[in-house]
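Undergrad: Let me see the structure of the following:
(3 chains, ligands or ions: 2)
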Amino acid sequence: MVPLTVENIKKSFDNVQALRGVNLQVEKGQIYGLIGPDGAGKTTLMRIVVTLLNADEGEIYFLGKPTKNNIGFVRANVGYMPQRFSLYPDLTVEENLRFFGDLFDVPQAVQTKRMEKLYQFSRLGPFKNRRADALSGGMKQKLALSCMLMHEPGVMVLDEPTYGVDPVSRAELWDILKQLASEGKSILVSTAYMDEAELCDQVGLIFKGKILASGKPTDLTQSLKRLIYLITTNNAHQLYLQLQTVFPAQDCNLFGNGVHLIDRKQLGLEQIKKTLLDRQIEFHDIQPIQPDIEDTFLELIHQREVPA
Amino acid sequence: MSEPWAVQVKDLTRKFGDFTAVDHVSFKVKKGEIFGFLGANGAGKTTTIRMLCGLLLPTSGQATVGGFDVYSQPDLIKQNIGYMSQRFSLYEDLTVRENIEFYGGIYGLKRKQIRQKTDELLDYLHLTDRADTLTAQLPLGLKQRMALSTALLHDPEIIFLDEPTSGVDPESRRQFWLLIYELAARGKTIFVTTHFMDEAEYCQRISIMQNGKIIELDEPQKLKTKYQASTMQQVFLKAIGEIAQ
Amino acid sequence: MNRTFKSIVRKEFLHILRDYQTLIIIFIMPIIMLIMFGYAITLEMRHIEVAVVDHARTPQSRQLLSHLQSSDFFVIKAYDPPESQFESLLQKRQVRCIMVIPADFSLSLTGERFTPVQLLIDASDPNAANFIQNYFQKISALFNAENNPQFKFPFEIVPRFLFNPNLKSEYFFVPGLIAIIVLLISALLTSIAIVREKERGTFEQILVSPVHAYQIILGKVIPYIILGFVDSVIILLIGHFWFQVPVHGSILLLLATLILYLLTGLSFGLFVSTITDSQRTAMLIALLMTILPTILLSGFIFPVPSMPVIFQYISQIIPATHFLKIIRGILLKGIGLWELKAPILYLTLLSALMIGLSIKKFKVSLE
Ligand SMILES: Nc1ncnc2c1ncn2[C@@H]1O[C@H](COP(=O)(O)OP(=O)(O)OP(=O)(O)O)[C@@H](O)[C@H]1O
Ligand SMILES: [Mg+2]
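TA: Ligands and ions are numbered 1, 2, ... in the order given. Presented below is the predicted three-dimensional model:
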């Protein structure tokens, strides 16, 4: 039995079509990552999955049962972390954790054990007696996430759990998610960090209410079928602007390590190098690279969006 | 204001009760520089920025912003900086146009100026046909670009951005950074915090903060060399990791 | 800096207009309250304390008294108090009415003379006064039917209403309602409006701009002054045209004092918002500091003279007590500025004090 199946979900608000037929499956022990531009419909989809919203069309099966007439069952068996999860600002870190533990009927001893584990990733241990409203933005987010993780239901739905979380904690958080998955939990998670998408078992790229592409991260990146060159330089922004005068804007993308150039016309390394030299564009090095999820994301979006 | 420093901070400290959130921090930011202010959650970044913007009084230490002292000249500082807070700087129940007009208004722009700036801005953000939608309905990336633009209506010299791109998708983040670059090209000083390590590489210099102290401050390339890392992500993990042990 | 200020006012108005649910409540609430007070409130009454003065001392007069006593509607609390004590008896609410039987009572019963039995009723609670009068009417009818059925109205009870001669309850609750609603809008809504902005985080954005504290404060407050003013005028209009509340005094003075009172309310709201950070606390403190004392201690529901002494003193601190003096004076008695100088001065000083305190406490930072 597949823990979570989403079939042809459609949803409109007023005159906006938020979802136009979304299909996906989360298998047991799997982490399914939803990525997509802001406003693509990630949050709406998640809310429908956890029965907070009703779909206009389509069906969702949660642990084999249709969610429509099993709202109570879904809510009892799903762990959901909304995008802007709010804590009790007047309770301390530990009181918040305990409260959510109690809410889901987690035995005291288990609560204490889980709390230790969660403090490890969140580094909130030293602050357990501080009121939640005196925490920094990222600390609040980590606490909210920890609250949700106080109970470990079979299916978890996490809407941007790492919003504003620093790299160290993100890495540790993903260790926890991986471990939960290996224990057989199914996790549907959305994220704005593309390095996190690479850690998922399945990734779905959602755009304007439709899943454009989905599959294992490696499958997705291979589906790009385009050669990408990394061009490095001192001043990446400068290079980026110059490249745009030679190549179509949607083929140049600024990255931390330089500019990624998509060789859409299959010019080849030598030809590109020559063009750059002809145009007197300064650069250190150019080399072909394996596209990653971020390249894939940008390419898929650019194909569909009229360049501004 | 012929000195080359936009921001000068010496031994800046802020305590909450007996907890020291910012602990004798010293650094300088050059005029026209994009300065990345990185650090673990709760390291004290927001607290530092708030002190520099005149929102919080330091417990001790010195700081000047644009040549003005944070203790004695907060009003002058406020006229010369733009600030985007970590969350919600726009009114969600106002329309796009109303938000822009409001912020133009509180900086004392003339009505004609406001109208002109509003049109410019709407055009720039490709929002002209959505000018009368409620801000709540905009996607986050666009909201953040709009927030930045409203913080710039009074043409400040120094701009503080506290996690402007958190939760923003890769495409919109790039758009946001193009805006930042453009500002830097016009000689503005940018002081930005982020948890995206690729963005750290877009900065000319970065500092890494942990437990109220600055533990690294240099150009990204030099830090990568120092930590023998190929990305800033690795630098960050190593730097913070070492301290944690 | 004028522009800055204008744009804050404009923005605040937009917030109010966008939040149309609150807006509807603001305009519907006074109407519902008026109807509730005007029609729905009747008090069941028993054991009303009376004092009797029997100048006749005849069998007939005693019979009348025993009629009175046999109903459990009245309890005779005092016999033959001297006339000099009448007013204080009523004022202290020891009795609610005083019946005076004239010396020629029995005489006139046999003759065809008009016999006025005088009844003094405390009409500060008009509903109760009405009730009392009706009941006396019944008793007199009963008494006449038993004693001399051939005469239609051999004796009559002539009531005299003290403290509110026309027995108009609207006269009393219309000013009271204004006092409450103005406070609700000015104190409660302003304090919430400021604190909400703190909670949402947009305050931070305003604080880093060169706006002055007083501009933020005034800018946020002015829309609510207008709102409260419009609301009060609505109540006054309904009160005047529907419930016939008279306006004997100067309308200009009335509106001016209304604004003064609005200011007092706002100054309290501001003060509350400077000392709190959450909407919930702001609401409770505003309720506790302004609305509750206004309803309970200003003389709106319970007459001040009948309160325990300590509360009488407290009621003198409450702005609404003074506002009620002013507005009742202008509406019902038609008195002018000079007679009202004391309460007006008090409200002015109080507002100035509270506004001063607020501006001083208002944090231009996030401490
Ligand atoms: N009002 C306050 N009272 C008590 N402690 C506070 C207060 N504000 C902040 N702190 C503490 O100060 C420390 C620094 O917080 P700050 O918000 O500056 O962190 P940050 O570096 O911005 O973190 P993040 O990346 O999560 O935004 C934290 O430990 C936080 O809990
Ligand atoms: Mg912060």
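Undergrad: Could you list the domains of chain C?
TA: Domain ranges of chain C: C:3-41+C:165-366, C:48-147, per automatic domain parsing.
Undergrad: Could you do chain A as well?
TA: Here the domain parsing of chain A from automatic domain parsing is A:4-215, A:225-290.
Undergrad: quick one on the thing from earlier: of the domains of chain C, which approaches A:E57 most closely?
TA: A:E57 sits nearest to domain C:3-41+C:165-366 of all the domains of chain C, at 31.3 Å, using C-beta to C-beta. Glycine gets a C-beta too; all of them are placed from N, C-alpha and C.
Undergrad: Say whether ligand 2 is contacted by that closest one.
TA: No: in terms of C-beta under 5 Å from the ion, no part of domain C:3-41+C:165-366 sits within range of ligand 2; the closest distance is 11.9 Å.
Undergrad: Show me the one of the domains of chain C that comes nearest chain A.
TA: Among the domains of chain C, the nearest to chain A by C-beta to the nearest C-beta is domain C:3-41+C:165-366 (8.2 Å).
Undergrad: looking only at pLDDT, what's the mean for the closest one?
TA: The average pLDDT within domain C:3-41+C:165-366 is 81.
Undergrad: Same question for stretch C:144-157.
TA: Across stretch C:144-157, the average pLDDT comes to 61.
Undergrad: Same question for stretch A:200-216.
TA: Stretch A:200-216 comes out with an average pLDDT of 91.
Undergrad: ok so, going back, would you point to the one among the domains of chain A that's packed deepest?
TA: Ranked by mean neighbour count, the domains of chain A are led by domain A:4-215 with a mean of 19 (mean count of other C-beta atoms under 10 Å in any protein chain shown).
Undergrad: Is C:L263 part of a helix or strand, or is it coil?
TA: helix (DSSP: H, G, I helix; E, B strand; the rest coil).
Undergrad: Quick check: which ranges of the chain have low pLDDT?
TA: Picked chain A for this. The model of chain A has pLDDT under 70 over residues A:85, A:306-308.
Undergrad: that's the wrong chain, I wanted chain B
TA: In chain B (pLDDT under 70), the answer is B:1-2, B:88, B:242-245.
Undergrad: redo that, cut-off 80
TA: Applying pLDDT under 80 to chain B flags residues B:1-3, B:86-89, B:241-245.
Undergrad: For it, what lies in contact range of ligand 2?
TA: Within chain B, the positions near ligand 2 by C-beta under 5 Å from the ion are B:K45, B:T46, B:Q86.
Undergrad: Mind checking which of the residues you listed are in helices?
TA: Mapping the residues of chain B next to ligand 2 onto helices (DSSP state H) picks out B:K45, B:T46.
Undergrad: Quick check: which element contains the residue in chain A positioned nearest to ligand 1?
TA: Closest to ligand 1 within chain A is A:G138: 2.6 Å, counting by C-beta to the nearest ligand atom. Here A:G138 sits within helix A:137-149, counting by DSSP states H and E.
Undergrad: With just CA atoms, put that helix into PDB.
TA: The C-alpha trace of helix A:137-149 is given here as PDB (Å, rounded to 0.1, in the frame of the first residue of the first chain):
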ATOM      1  CA  GLY A 137      14.300  33.900  13.500                       C
ATOM      2  CA  GLY A 138      16.100  30.700  12.600                       C
ATOM      3  CA  MET A 139      15.900  29.400  16.100                       C
ATOM      4  CA  LYS A 140      12.100  29.800  16.100                       C
ATOM      5  CA  GLN A 141      11.900  27.900  12.800                       C
ATOM      6  CA  LYS A 142      14.000  25.100  14.300                       C
ATOM      7  CA  LEU A 143      11.900  25.000  17.400                       C
ATOM      8  CA  ALA A 144       8.700  24.800  15.300                       C
ATOM      9  CA  LEU A 145      10.200  21.900  13.400                       C
ATOM     10  CA  SER A 146      11.200  20.200  16.500                       C
ATOM     11  CA  CYS A 147       7.700  20.600  17.900                       C
ATOM     12  CA  MET A 148       6.400  18.800  14.900                       C
ATOM     13  CA  LEU A 149       9.000  16.100  15.200                       C
END
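Undergrad: quick check, it touching chain B?
TA: Yes: using C-beta under 8 Å from any C-beta of the partner chain, we find that helix A:137-149 touches chain B at A:G137, A:G138, A:M139, A:Q141, A:K142.
Undergrad: picking that back up, is it true that the residue of chain A closest to ligand 1 touches A:D166?
TA: Yes: counting by C-beta atoms under 8 Å, A:D166 is a contact partner of A:G138 at 5.9 Å.
Undergrad: Mind listing the shared neighbours of the two?
TA: Common neighbours of A:G138 and A:D166, counting by C-beta atoms under 8 Å, 6 or more residues apart in numbering or on different chains, are B:A40, B:N41, B:H195.
Undergrad: what residues are up against the last one?
TA: If I follow you right, that is B:H195. Counting by C-beta under 8 Å, 6+ apart, B:H195 has contacts A:G138, A:G164, A:V165, A:D166, A:P167, A:R170, B:L38, B:E163, B:S166.
Undergrad: From chain C, how far off is it?
TA: According to C-beta to the nearest C-beta, to the nearest Å, B:H195 stands 19 Å off from chain C.
Undergrad: buried set for stretch C:68-82?
TA: Of all the residues in stretch C:68-82, those buried under the rule 16 or more other C-beta atoms under 10 Å in any protein chain shown are C:L68, C:F73, C:F74, C:K77, C:P81.
Undergrad: What about the contacts of B:H195, which are in strands?
TA: Judged by DSSP state E, strands contain the following of those: B:L38.
Undergrad: C:V95 should be in a strand, yeah?
TA: No: under three-state DSSP, C:V95 sits outside any strand and is assigned coil.
Undergrad: in the stretch 151-300 of chain C, what residue is nearest ligand 1?
TA: Nearest to ligand 1 in the stretch 151-300 of chain C, going by C-beta to the nearest ligand atom, is C:D277, at a distance of 10.3 Å.
Undergrad: what secondary structure does that residue sit in?
TA: The local conformation at C:D277, judged by three-state DSSP, is coil.
Undergrad: I'd like to know how many residues surround it.
TA: Applying other C-beta atoms under 10 Å in any protein chain shown, we find 13 residues neighbouring C:D277.
Undergrad: tell me the contacts of it?
TA: Taking C-beta under 8 Å, 6+ apart as the test, what C:D277 contacts is C:V195, C:K198, C:E199.
Undergrad: so how far does stretch B:220-236 reach from one end to the other?
TA: Across its full length, stretch B:220-236 reaches 11 Å between end residues, using C-alpha to C-alpha, to the nearest Å.
Undergrad: buried stuff in it?
TA: For stretch B:220-236, the neighbour count (16+ other C-beta under 10 Å) marks B:P220, B:L223, B:K224, B:Y227, B:A229, B:T231, B:M232, B:Q233, B:Q234, B:V235, B:F236 as buried.
Undergrad: Adding distance to chain C, write those residues out as CSV.
TA: Formatted as CSV, those follow (distance: C-beta to the nearest C-beta, whole Å):
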residue, distance to chain C
B:P220, 28
B:L223, 30
B:K224, 34
B:Y227, 35
B:A229, 35
B:T231, 32
B:M232, 28
B:Q233, 29
B:Q234, 33
B:V235, 31
B:F236, 27
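Undergrad: Appreciated, that's everything.
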